[in-house]
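Novice: Based on what follows, work out the 3D shape:
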Amino acid sequence: MAERSKNRGGAARSDLSSESQSYAEFGVHVARILQVAEEAAARITSEAEEEAAAILREAEDAAAARREGAAGEANAMREEAEGAAARVLADAESQAAASREAAEEMGMRIAAAARKRQQEINQVSDELEARLRHMLDGARDVAAKLELALGDREEDEPEAETLIDALDVDRRTY
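Specialist: Numbering: from 1, shown residues only. Here you go, the predicted structure:
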């Protein structure tokens, strides 16, 4: 029995030793798994960081491209607006010049027509004045002749107004 207990004790030791070895191997295996997991985690983290940096670069490039595109579009719109404003201004200046020229021409025509009409009025007025003077002179002649014909009869009468005096419109009082 002593032998058996020896064997059993030896087997127990051997079982313990193999059990310890298997725990050690299990520990090594777990350590290796943890190391591989840490390496994988480090690799995944590194890849994620690289991918994040690439995405960030792409986003920055896209934003820069959009900014450039927006700036280019804004410049194009500004240039188009400036061109449209210049065209509107040029059209307005052209229309203003045409209106001013038309108004000046119309003013010259009106002034010429007014001068012509004034000349016609002056001419007619002069003709009428000449005719009136001629008629007045004729009336004065007739009055003078009447006075001569009637003059002998009226010498005895107090001095009355003569026909010439009666026909003198400048002397008349009403």
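Novice: low-scoring pLDDT stretches of this structure, where are they?
Specialist: Low-confidence segments of the chain (pLDDT under 70): 1-16, 151-163, 165-167, 169-174.
Novice: redo that, cut-off 90
Specialist: Under the criterion pLDDT under 90, the flagged ranges of the chain are 1-41, 65-74, 76, 139-174.
Novice: how distant is the longest helix seen in the chain from the center of its chain?
Specialist: The longest helix of the chain (DSSP state H) is helix 2-151. Here the centre of helix 2-151 is set off from its chain's centre by 12 Å, with Cα atoms, centre = their mean, to the nearest Å.
Novice: so what does that helix touch, helix or strand wise?
Specialist: Counting contacts by 3 or more Cβ pairs under 8 Å, 6 or more residues apart in numbering; DSSP states H and E, helix 2-151 is packed against helix 163-167. C-beta coordinates here come from the backbone N, C-alpha and C atoms, glycine included.
Novice: May I see the buried residues of stretch 134-153?
Specialist: The neighbour-count check on stretch 134-153 (16 or more other Cβ atoms under 10 Å) flags Ala143 as buried.
Novice: could I have it exported to PDB, CA atoms only?
Specialist: C-alpha atoms of stretch 134-153 as PDB (Å, rounded to 0.1, in the frame of the first residue of the first chain):
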ATOM      1  CA  HIS A 134     -53.700 156.300 -94.600                       C
ATOM      2  CA  MET A 135     -57.500 156.300 -93.700                       C
ATOM      3  CA  LEU A 136     -56.900 158.900 -91.000                       C
ATOM      4  CA  ASP A 137     -54.900 161.100 -93.400                       C
ATOM      5  CA  GLY A 138     -57.800 160.700 -95.900                       C
ATOM      6  CA  ALA A 139     -60.400 161.600 -93.300                       C
ATOM      7  CA  ARG A 140     -58.300 164.600 -92.200                       C
ATOM      8  CA  ASP A 141     -58.200 165.800 -95.800                       C
ATOM      9  CA  VAL A 142     -61.900 165.400 -96.200                       C
ATOM     10  CA  ALA A 143     -62.400 167.300 -92.900                       C
ATOM     11  CA  ALA A 144     -60.100 170.100 -94.000                       C
ATOM     12  CA  LYS A 145     -62.000 170.400 -97.300                       C
ATOM     13  CA  LEU A 146     -65.300 170.400 -95.400                       C
ATOM     14  CA  GLU A 147     -64.000 173.100 -93.100                       C
ATOM     15  CA  LEU A 148     -62.900 175.200 -96.000                       C
ATOM     16  CA  ALA A 149     -66.300 174.800 -97.600                       C
ATOM     17  CA  LEU A 150     -68.200 175.500 -94.400                       C
ATOM     18  CA  GLY A 151     -65.600 177.900 -93.000                       C
ATOM     19  CA  ASP A 152     -67.100 181.000 -94.500                       C
ATOM     20  CA  ARG A 153     -70.500 180.400 -92.900                       C
END
